[in-house]
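> Provide a 3D model corresponding to the input given below.
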Amino acid sequence: MIAPERYLPAVCQLVREVAHREIMPRFLNTDYAKKIDGSLLTEADVATQNALIEGLSRIIPFPVLGEEMTKEEQQRLWQAGGSGLWCIDPIDGTTNFIHGLPYFATSIALMQNGRTVLGVIYNPVTNELFAAVKGKGATLNDKPLPLKTHIPRMCDAIAGVEIKWLAGKLPARLMSISPYGSQRNMGASTLDWCYTAAGRFDLYLHGGQKLWDYAAGSLILEEAGGAMSTLNMENFWEDQVWTRSVVAALQPTLFEPWKKWVWNNK
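Sure, this is the predicted structure:
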């Protein structure tokens, strides 16, 4: 087994360098194409992924699974990476990036045996770097998370909710009888995890994230003291790998009533 904390400084340095070399010069200055699934792709996504693959392979020569790969290649890398795997999202929030909304990030996770042991998420516009190592806590620019310790009442809580991927009666219930105070949907799920870990969001709900969306952020929230499940399973990590829902909260005292409300209204 590796000691992931040994590699955290190098990963943080790499993600900052790549973001400022490959992403920020193209911010508000790049063309884009539409992928088969309808999501957007820019040359910044591709350049960033290539640079991260090269850099991470020098840090630890594990396979690197990236969002901008074919499904077949992703599945092959997942199967080959049980003992060690990098999982990256070069730009999460590409639509925001294209339209000049400063809510996007680069996400890097180091995984072993299907679980994340190191996670780094970096927003180059705000220069906020969220990081965590399994069993070592989580930080924002080296400051321990969470930033906020006050526990609001459920009716005063701020919830990060992505309605688009929710099914059944839950979207209508959220719009009509939601138990929280207010709702946000910012368009980059990797940062949503981090905002929950920091206490900027009290609650979090997403109907279906890809592996690279949750790999790093889930560890950051866990290490900040948060709790999570999916819409179907108590144990978040036992649900399916490639598309996984999220029900989460920073404070355990809010998580149980939040999960109960969501499960009862889905």
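
> Low-confidence ranges, this protein, go.
Residues of the chain that meet the criterion pLDDT under 70 lie in 1, 32-38, 40.

> mind listing the strands for it?
Ranges of strands within the chain are 32-34, 40-42, 64-66, 85-92, 105-112, 115-123, 128-133, 137-140, 143-144, 158-162, 182-184, 203-210, 227-229, 243-249, based on DSSP state E.

> Those strands into a markdown table, with extra columns for mean neighbour count and distance to residue 26?
C-beta coordinates here come from the backbone N, C-alpha and C atoms, glycine included. Rendered in a markdown table, the data for the strands of the chain read as follows (neighbours: other CB atoms under 10 Å; distance: least, CB to CB, whole Å):
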| stretch | mean neighbour count | distance to residue 26 |
| --- | --- | --- |
| strand 32-34 | 11 | 10 |
| strand 40-42 | 18 | 7 |
| strand 64-66 | 22 | 18 |
| strand 85-92 | 28 | 10 |
| strand 105-112 | 27 | 13 |
| strand 115-123 | 24 | 15 |
| strand 128-133 | 24 | 20 |
| strand 137-140 | 19 | 25 |
| strand 143-144 | 10 | 29 |
| strand 158-162 | 22 | 26 |
| strand 182-184 | 14 | 27 |
| strand 203-210 | 24 | 23 |
| strand 227-229 | 21 | 33 |
| strand 243-249 | 24 | 29 |
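
> any chance of those strands in TSV, with distance to residue 172 too?
Putting the strands of the chain into TSV (distance: least, CB to CB, whole Å) gives the following:
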stretch	distance to residue 172
strand 32-34	29
strand 40-42	28
strand 64-66	36
strand 85-92	28
strand 105-112	31
strand 115-123	32
strand 128-133	33
strand 137-140	34
strand 143-144	39
strand 158-162	13
strand 182-184	14
strand 203-210	14
strand 227-229	22
strand 243-249	17
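
> I'd like to know how far the residue nearest the centre of the chain sits from residue 76.
For the chain, the residue lying nearest the average C-alpha position, counting by CA atoms, centre = their mean, turns out to be residue 190 (2.5 Å). Between residue 190 and residue 76 the distance, using CB to CB, to the nearest Å, works out to 24 Å.

> How about the contacts made by the residue nearest to the centre of the chain?
Residue 190 makes contact with 89, 92-93, 105, 107, 121, 213, 216-217, according to CB atoms under 8 Å, 6 or more residues apart in numbering.

> repeat for residue 130
119-122, 138-140, 145, 194, 197-198, 220.

> in the sheet, who's paired with it?
residue 121, residue 140 (DSSP bridges).

> Using CSV, list the CA coordinates for the longest helix along the chain.
Taking DSSP state H as the assignment, the helix of the chain that covers the most residues is helix 43-59. Taking Å, rounded to 0.1, in the frame of the first residue of the first chain, the C-alpha atoms of helix 43-59 are listed here in CSV:
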residue,chain,number,x,y,z
GLU,A,43,-9.6,22.1,-26.7
ALA,A,44,-8.9,23.1,-23.0
ASP,A,45,-10.5,19.9,-21.8
VAL,A,46,-8.3,17.8,-24.1
ALA,A,47,-5.1,19.7,-23.5
THR,A,48,-5.7,19.6,-19.7
GLN,A,49,-6.4,15.9,-19.7
ASN,A,50,-3.3,15.2,-21.7
ALA,A,51,-1.1,17.3,-19.4
LEU,A,52,-2.5,15.6,-16.3
ILE,A,53,-2.0,12.2,-17.7
GLU,A,54,1.6,13.0,-18.4
GLY,A,55,2.2,14.6,-15.0
LEU,A,56,0.4,12.1,-12.8
SER,A,57,2.1,9.2,-14.5
ARG,A,58,5.4,10.8,-13.3
ILE,A,59,4.2,11.1,-9.7
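
> What are the contacting residues of it?
Judged by CB under 8 Å, 6+ apart, the contacts made with helix 43-59 from elsewhere in the structure are 7, 10-11, 14-15, 17-19, 21-23, 26-27, 30-31, 62, 64, 66-68, 86, 88, 90-91, 94, 97, 106, 108.

> And it, what's buried?
Using 16 or more other CB atoms under 10 Å as the burial criterion, the residues of helix 43-59 that qualify are 44-45, 47-49, 51-53, 55-56, 59.

> Also stretch 171-190?
In stretch 171-190, residues buried by neighbour count (16+ other CB under 10 Å) are 171, 173-174, 178-180, 183, 186-190.
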